[in-house]
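>>> What follows is a protein structure lacking sequence information:
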């Protein structure tokens, strides 16, 4: 059964930090490329971080570069998104997702975790 389960969202003040977690089914974790997305109310979904085809090299959207860091813990099949220097515009629902590394289409999605940043 494919599962991606996010956690770690919450409410913080601007300048604060949060770490999101995404526990992934073992098969998906070992064979797919992973990414983090977010969607704010009334806005399109934005890809903010992910891994290239080698499943290790991360990339980041300009909006989060230098503030967010994607990492993984193989023994736990878990992805992390460390978010620092949070801004009110980072407020959104955050999702982890998985895609076959040979494609750019993400097939599997978690249920999301809400991040709210107050000024």
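Right, received. Where do you want to start? Treat the numbers as computed from the prediction; the structure is a model and nothing was measured. Residues are numbered from 1 along each chain as shown.

>>> Would you enumerate the residues in contact with the residue nearest to residue 45 when sequence neighbours are not counted?
The shortest distance from residue 45 to any residue other than its chain neighbours is 4.3 Å, reached at residue 39 (Cβ to Cβ, 6 or more residues apart in numbering). In short, each C-beta sits where N, CA and C put it, glycine included. Neighbouring residues of residue 39 by Cβ atoms under 8 Å, 6 or more residues apart in numbering: 45-46, 92-93, 95.

>>> now do 6 Å
For residue 39, the contact set (Cβ atoms under 6 Å, 6 or more residues apart in numbering) comprises 45, 92-93.

>>> Specify which member of those residues is nearest to residue 101.
Closest approach to residue 101 among the contacts of residue 39 (Cβ to Cβ): residue 45, at 20.4 Å.

>>> and the gap between that closest one and residue 13?
To residue 13, residue 45 is 25 Å away according to Cβ to Cβ, to the nearest Å.

>>> Pick out the residue nearest the middle of the chain.
residue 36 (2.6 Å; Cα atoms, centre = their mean).

>>> my read: residue 34 touches residue 81, true?
No - counting by Cβ atoms under 6 Å, residue 34 stays clear of residue 81, with 10.3 Å between them.

>>> quick one on the thing from earlier: neighbour-wise, which of residue 45 and residue 13 wins?
residue 45 (14 against 10; other Cβ atoms under 10 Å).

>>> From what I see, that one and residue 38 are in contact.
No - counting by Cβ under 6 Å, residue 38 is not a contact partner of residue 45; they are 7.2 Å apart.
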